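Visitor: I'll drop the sequence and a predicted model, then ask my questions.
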Amino acid sequence: MNDDNPSLEEQRERIDNAMVSALEDLDRDYLRKLQIEMHACAKKCCADADANADAVQRCVDRCQIPLTRARCFVQQELTEFENRLESCMQQCRLRGSDCHLERCSIDCIDGHVALLPQIVRNMRATLEKGL
């Protein structure tokens, strides 16, 4: 392979960096806001002097639901993305030679990196609507 083509390892690093960046953006733009809301809600639960311990705990548990749902949604979407990438890579392995394997694997990674912006847009749209 010539120096103009990135190695498979460089491509894997590229997709890892793209996923980390997407996660950081979603965390900053959506998940942290839900976390702030969760803590504000839980604070109100704890401030209720008339509630017993069980009622306070149930209240706090309810406060956690939106953040938990959002985190599960993001994790599920990323897992599906990773599974599709792994499936593509598996197809490459089944096709044969090492030379073909590397080119095919790089094509899989390129294709999936190209899909990330749309996946993140879809995730943002879903998170904006609420779960």
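Guide: Perfect, I can see it now.

Visitor: in the lowest-mean-pLDDT helix or strand in the chain, which residues are buried?
Guide: For the chain, the helix or strand with the lowest mean confidence is helix 8-26, at a mean of 87 (criterion: mean pLDDT, DSSP states H and E). Neighbour counts over helix 8-26 (16 or more other CB atoms under 10 Å) mark Leu8, Gln11, Arg12, Ile15, Ala18, Met19, Ala22, Leu26 as buried. Where C-beta positions appear, they are placed from N, C-alpha and C, glycine not excepted.

Visitor: what helix or strand does the residue nearest to the second one when sequence neighbours are not counted sit in?
Guide: What that stands for is Gln11. Leaving aside its sequence neighbours, Gln11 sits nearest to Ile109 (CB to CB, 6 or more residues apart in numbering; 4.2 Å). Using DSSP states H and E, Ile109 maps to helix 98-129.

Visitor: any low-confidence regions in this structure?
Guide: Across the chain, residues meeting the criterion (pLDDT under 70) sit at 1-6, 8, 97.
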